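> no sequence for this one, just the structure:
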Ligand SMILES: Nc1ncnc2c1ncn2[C@@H]1O[C@H](COP(=O)(O)OP(=O)(O)OP(=O)(O)O)[C@@H](O)[C@H]1O
Ligand SMILES: Nc1ncnc2c1ncn2[C@@H]1O[C@H](COP(=O)(O)OP(=O)(O)OP(=O)(O)O)[C@@H](O)[C@H]1O
Ligand SMILES: [Mg+2]
Ligand SMILES: [Mg+2]
């Protein structure tokens, strides 16, 4: 029994995208166009989420602001290049199965490599600066530059084209609205990753332990938990996710550059701020909102599309200064 | 009395433009070699190249140019990669009263309102790009829509394109400008399709885009269902890989190593392949070479490096390049040059879509307006 | 009798369903020391928070010298003469002990906003701060970082800061918690002094009955947010509610 | 006496530190006489300007504990203010002044707006919001190309006596041109601003800022309206940054996005602030000097290094001048590692 | 009684400060050992050093025969030592329940044990689901103690638990310690409340200026007022 009412889960944020989509429909007029834009937006949202999820995880659980996250995205992309190059057979093959095989290989490899890189980051850069946001920003920024330059040194400065597997080319036609095949794939993967993350965080002791550790690592250790190892684990997972996101993003862009990671970072940051810095669900909604809005405004008033995401963020923060889902009372 | 001729190259060797700058540097080197028959001497004066990295930053670029002229005593300077940086360099050349050959920055203002008499440009202006494309695509009864980035470069390009499209009898049905950093082109595509699908006759979308090309995304949205075709200008080789999925696409390009047929280009291609394990020269390598050859031609003709003599010599000067003959137009010192109308062929043996020559657009085929005030 | 310097009328705050302070009405006269006792969670600190403005009341008002300050933020209440020492020590950890006090002196002197005069040029403020450190027996630690002080000394500094504010109404929240029995007197004597000044009013939350007996003119008892007893010490302590709910005599 | 007025009683503390600071100061003050050629002077001027930029940022970061990514925005406003004024109204001192004033007013307004935002949201959110606002501003700057020249920026003329063409006097074959005058405008401007900030952080106001950084809740309880103080800090640092931008415009005779608004510059400022030592004013001087020198001479150094290593495996690649950013990144990391409390902090500790 | 915990010549530095100058004392198995001393004597530092939260620069700490001086904190805890820190260190962002879940290192919370704890600290049950940060000072203290005793441990280190507790609760806390004693939990207790110390303590160690200045049976100290005055600077009647 309890005096204070059980904390209720709040569903309002989940309604936002739906409302936005509903409002957009009459403005756009043509239903087919609306479908195309909406599906495209959802897919884009998922890809952004895939790239952002790792960052928000690391921030939410460990209070570490990792500007180097972008590097993991780029690395993931380059790994995809390296893996898919020898697999041209599978990539060129018109059979979707072969394509999936190739992509799967790339994703796994990317997750592993960026995960490993993440381990190094945690060990040699982040560990000395837990709890000091500023130094985190600087040191991870430095790490980012180093990785980016290393990529230049290894793969050369020129952009590397990464053709989309044949099976994912083109669109499925629903009446008069075209839905790109690749986007469908992105949506499925995004949802899957989201589901997994949420279950792990809510259904296991892990989430608790790490949140406590962030607030007072000494005490968690005094309770007998080896918190450091856990932190490493989370960081590696976060980086791995970034790598995964990187692969998806690279395949979408169909070319790879060392800067591509940094280019999406501002967008990623906006999404996790909207979401409430650290909330996985919030980040998910944030990403979808940003992408949908970009598409709708892009169709209705292109000039606005340019700053639609920043506008969105400001509005959301005026409504909920902590973001959609406030995580912890942080300084 | 042998003295040193100092040629300074300012280029964005680090940062986002690194790849382009590298090509320019190689090209310049080869250009000077070719023009001096490998001696790197003009008369009995030896050429010395001074390379400086402006990181694509305007402030750095102008500072470096000043250093080149003053500290290093450069006689003539070449550069730079970024338009912004190049524009910042122009007044420095005027202050030091030394010649600056702009290569490969494309901004129209360089030989337009920001021009001064010390400025020459071997690189093409974005106007030349646009006009050549207009001439290539434009025919009676064709309706065209454009997709460009929403900033100066994109808008200038389209307006030049529009102007040149007029005479061809084609009609510009719609202009779409997307935010510079757009990655999702669905919205733009939908707007363009809506605008074009009910137009009569041949329908073309001309894409002018710096960075990752939107073409594949447009293609995936299946414009064919409305009978809409895609068109765009040429680009560096890796950027033309997506063209492979667009066989038959037309446009006009500045350079593709297989197109120009002349001894300079033959030497250039074979030599480049020889030196860089069989990779052919690219856009900016050709540009660099042209600049090098222009410099040598100018100094030879002027019989020295005195700025006034150089300018006198260079105005209206014809010189050889991998793209054949170029001419520094007297009025604005812009190098007029051929462009190439191409049609893409997908050759399984080649990674990128091969732009096959449809016809060479000669200097006289394109009338490039003069925009500078003397 | 003199007009109350501090009064709360039906002061109430709810957290979710839970009523932490429940319609507490009470007057405090100058020159008196009122001890506030009650079980853990009775609402004592929350009551303080409502008075000093760290929390916003759900209902009821707070009056200082007859003026309704319910709507005002904490800083303004401090300027109105309310001074507060916290239960869980609450300092500027990386500033030195003397700087901690000096910031309070400066706040009192209202010189926080002066931009172009140097901090060191204000000798008077420094001397005042030093003097106060003397009174709380911290003079010898003036230049240590506050964070490096042992718990007991941090409590003293907490009180020192309060003195520097020269409030009319002192609110102490368990000032001697965790102080060794030979150090506590320093604080208790201080409170004695303040009490001696007839213009000052003291509110004291304290669990140590001996301390309460020694200092209080009056005791009020909070229980589950409500004011359940109010009167002069002996009587209140004797009352059954205090004996059971608080002292737990029944239990032992 | 000087010690209490000029330095506001906040001496460097530590012999080594004092000596280094003195050296830097002398080198900057006499730069035009000590070195020949344009490069050293360019570098010196850049150092002066960044010292101001960093010191103003330190007021925010080190003393108030506010992380903002919008600092370059104010720097940019200064640059554009003077730059665009000169560009569109002609090169006179009156215009320079007008541009400066306009810039200051604009910054004041923006800073107030942002400051008020900082009251609503938590520190880390504030950081992210400033990041967004700054990027929005950059977008705006490139969009209004008719005014700002877009990506390309604007090159403009400065008053006659500041131009290289203008010769002040000649000593032997060395000419002291308009650049010489421009440099001293930059130098003295920077010095003035530097000591102003030094004074502010050592004022009662400055101490309150520190108190708020340490424990805002407690500061409120002492009777300080933290809201106003934090906003005050944001505004002050914004104005100083704006002035730095004005000086920069006068020196470069160019203004554009990558030189004033880019995120990289923001990062550089952050790094200089931290390397030098947050919350120590003097750190700005050391941080800026070190970093700008590195930026300008690292590449040259590496050039010779990689030649020396020619033939060895990959080393030449790593030391190739075009990879200088790699080493900059390593500098980022190393500086946080080896100077947790900044160089100033380290030097002071060294003295016990 | 055998010795469970033994400190021999332990010295501790915090930063450049030298805090402990050779601390030696023993905690006999199964009893309650009081650690007394003035503010700043070094009691907290001693406990933190035992927990491995500060590293001892000299000397040895042995627990149940094995040397744990160099153990990392988690390993100290796993060796069977529970800790109630001076500043309580409850996880403010977590609910009371979540705080307790974490206290159950070996897995699920044992309901019977929970009931037993609620018996002493009813407030915890009342605020089971609310954020620990919102608890009252005393309630935080209770939570911190509850966390340490949720699972039985060999040794319990407690730093000033009665601070801020109402007399009634101090009563139940005393009972709680008595019962733990019955359950063969050894307790090392830092306390200022001498009354409680007398009631609970079997043996005692008194610190001053980072040294142990007295150790022995509690009885001796309780009976000898002059000794108390010398060691703790208090005459019993002053504040009881
Ligand atoms: N911010 C808050 N949110 C929810 N509940 C709160 C909050 N602050 C206090 N409470 C509740 O209000 C009650 C009163 O708390 P308060 O701190 O006033 O008790 P107290 O009388 O000071 O107890 P103690 O003597 O232990 O300090 C407690 O039960 C506490 O759980
Ligand atoms: N983080 C620290 N940095 C520097 N010195 C410290 C630190 N923590 C404690 N000290 C010093 O160590 C000495 C012992 O402190 P400690 O907290 O162990 O005393 P204590 O006996 O627990 O006092 P109390 O009864 O007040 O808690 C004190 O003089 C204190 O100043
Ligand atoms: Mg309380
Ligand atoms: Mg202690």
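Alright, I've got the coordinates. Owing to the predicted nature of the structure, the values given are computational and were not obtained by experimental measurement. Residues are numbered from 1 along each chain as shown, chains lettered A, B, ... in the order given. Ligands and ions are numbered 1, 2, ... in the order given.

> which regions of the chain lie under the pLDDT threshold?
If you meant another chain, say so; for now it's chain A. Chain A contains residues with pLDDT under 70 at A:1-9, A:327-331.

> sorry, I should have been clearer: chain B.
By pLDDT under 70, the weakly predicted segments of chain B are B:1.

> what residues does it have near chain E?
Contact residues, chain B versus chain E (C-beta under 8 Å from any C-beta of the partner chain): none. All C-beta atoms are positioned from the backbone trio N, CA, C, and that covers glycine.

> up against chain A, what does chain B have?
B:16, B:18-19, B:22, B:150, B:176-184, B:186-188, B:190-191, B:194, B:212, B:216-217, B:219-222, B:225, B:236, B:238-239, B:241-242, B:244-245, B:351-352.

> mark which of those are buried, thanks.
Neighbour counting with 16 or more other C-beta atoms under 10 Å in any protein chain shown marks B:16, B:18-19, B:22, B:150, B:176-180, B:182-184, B:186-188, B:190-191, B:212, B:216-217, B:219-222, B:236, B:238-239, B:241-242, B:244-245, B:352 as buried within these.

> show me where chain E has its strands.
All strands of chain E, identified by DSSP state E, fall at E:3-14, E:17-28, E:32-37, E:56-63, E:66-67, E:81-84, E:155-159, E:186-190, E:203-208, E:211-217.

> so which residues on the stretch 151-300 of chain A come close to chain B?
Counting by C-beta under 8 Å from any C-beta, the residues of the stretch 151-300 of chain A that sit close to chain B are A:152, A:156-161, A:163-164, A:169-171, A:173, A:178, A:180, A:182, A:252-255, A:259, A:263, A:291, A:294-299.

> and the lowest-mean-pLDDT helix or strand in chain E, which residues are buried?
Here the helix or strand of chain E ranked lowest by mean pLDDT, DSSP states H and E is helix E:225-232, holding a mean of 80. Judged by neighbour count (16+ other C-beta under 10 Å), helix E:225-232 contains these buried residues: E:228, E:231-232.

> now swap in stretch C:7-25 and tell me
Neighbour-count burial for stretch C:7-25 [16+ other C-beta under 10 Å]: C:7-9, C:11-13, C:15, C:18-22, C:24.

> could I get the residues you listed as CSV with distance to chain A?
Listed next are these as CSV, based on distance: C-beta to the nearest C-beta, whole Å:
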residue, distance to chain A
C:7, 29
C:8, 23
C:9, 25
C:11, 20
C:12, 16
C:13, 14
C:15, 7
C:18, 4
C:19, 9
C:20, 10
C:21, 14
C:22, 13
C:24, 19
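
> okay, those in JSON lines with pLDDT, secondary structure and distance to chain D next?
Listed next are those as JSON lines, based on pLDDT from 0 to 100; DSSP: H, G, I helix; E, B strand; the rest coil; distance: C-beta to the nearest C-beta, whole Å:
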{"residue": "C:7", "pLDDT": "95", "secondary structure": "strand", "distance to chain D": "21"}
{"residue": "C:8", "pLDDT": "95", "secondary structure": "strand", "distance to chain D": "19"}
{"residue": "C:9", "pLDDT": "95", "secondary structure": "strand", "distance to chain D": "23"}
{"residue": "C:11", "pLDDT": "96", "secondary structure": "strand", "distance to chain D": "19"}
{"residue": "C:12", "pLDDT": "96", "secondary structure": "strand", "distance to chain D": "22"}
{"residue": "C:13", "pLDDT": "95", "secondary structure": "strand", "distance to chain D": "18"}
{"residue": "C:15", "pLDDT": "89", "secondary structure": "strand", "distance to chain D": "19"}
{"residue": "C:18", "pLDDT": "87", "secondary structure": "strand", "distance to chain D": "23"}
{"residue": "C:19", "pLDDT": "93", "secondary structure": "strand", "distance to chain D": "24"}
{"residue": "C:20", "pLDDT": "93", "secondary structure": "strand", "distance to chain D": "19"}
{"residue": "C:21", "pLDDT": "95", "secondary structure": "strand", "distance to chain D": "19"}
{"residue": "C:22", "pLDDT": "94", "secondary structure": "strand", "distance to chain D": "25"}
{"residue": "C:24", "pLDDT": "95", "secondary structure": "strand", "distance to chain D": "21"}
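
> farthest-apart pair in these, please.
C:7 and C:18 (25.1 Å; C-beta to C-beta).

> distance of the closest residue to residue D:100 other than its chain neighbours relative to residue D:96?
Nearest residue to residue D:100, sequence neighbours excluded (C-beta to C-beta, 6 or more residues apart in numbering or on different chains): residue D:246, at 4.9 Å. Going from residue D:246 to residue D:96 by C-beta to C-beta, to the nearest Å gives 8 Å.

> please enumerate the shared neighbours of the two.
Counting by C-beta atoms under 8 Å, 6 or more residues apart in numbering or on different chains, the shared contacts of residue D:246 and residue D:96 are residue D:82.

> what does stretch D:309-317 contact?
Taking C-beta under 8 Å, 6+ apart as the rule, stretch D:309-317 contacts A:153, D:306, D:319, D:323.

> closest to residue C:72 out of the residues you listed?
Once C-beta to C-beta is applied, the member of those that ends up nearest residue C:72 is residue D:323, at 60.3 Å.

> pLDDT at the closest one, what is it?
Looking at residue D:323, its pLDDT is 81.

> distance of it relative to residue C:212?
73 Å.

> which parts of the stretch 151-300 of chain B are helices?
Taking DSSP state H, counting those that start in this stretch to define them, one finds helices in the stretch 151-300 of chain B at B:152-168, B:186-196, B:215-220, B:263-275, B:283-302.

> moving C-terminal of the longest one, what's the next helix or strand?
The C-terminal neighbour of helix B:283-302 among helices and strands, as given by DSSP states H and E, is helix B:307-314.

> which helix or strand lies directly C-terminal to that next one?
Assigned by DSSP H and E, the successor of helix B:307-314 is strand B:318-321.

> just the closest residue of the stretch 151-300 of chain A to chain B, please.
The minimum distance from the stretch 151-300 of chain A to chain B, using C-beta to the nearest C-beta, falls at residue A:298 (3.1 Å).

> for that residue, grab phi and psi.
With angles defined as degrees, to the nearest 10, residue A:298 sits at phi -60, psi -30.

> is the residue of chain D positioned farthest from its centre part of a helix or strand, or is it coil?
Distance from the centre of chain D peaks at residue D:311, with 40.5 Å (C-alpha atoms, centre = their mean). Secondary structure assignment for residue D:311 (DSSP: H, G, I helix; E, B strand; the rest coil): coil.

> now the residue of chain E found nearest chain B: how far from residue E:109?
The nearest approach of chain E to chain B comes at residue E:93, 36.7 Å away (C-beta to the nearest C-beta). To residue E:109, residue E:93 is 20 Å away according to C-beta to C-beta.

> which of the two has more neighbours?
residue E:93 (18 against 15; other C-beta atoms under 10 Å in any protein chain shown).
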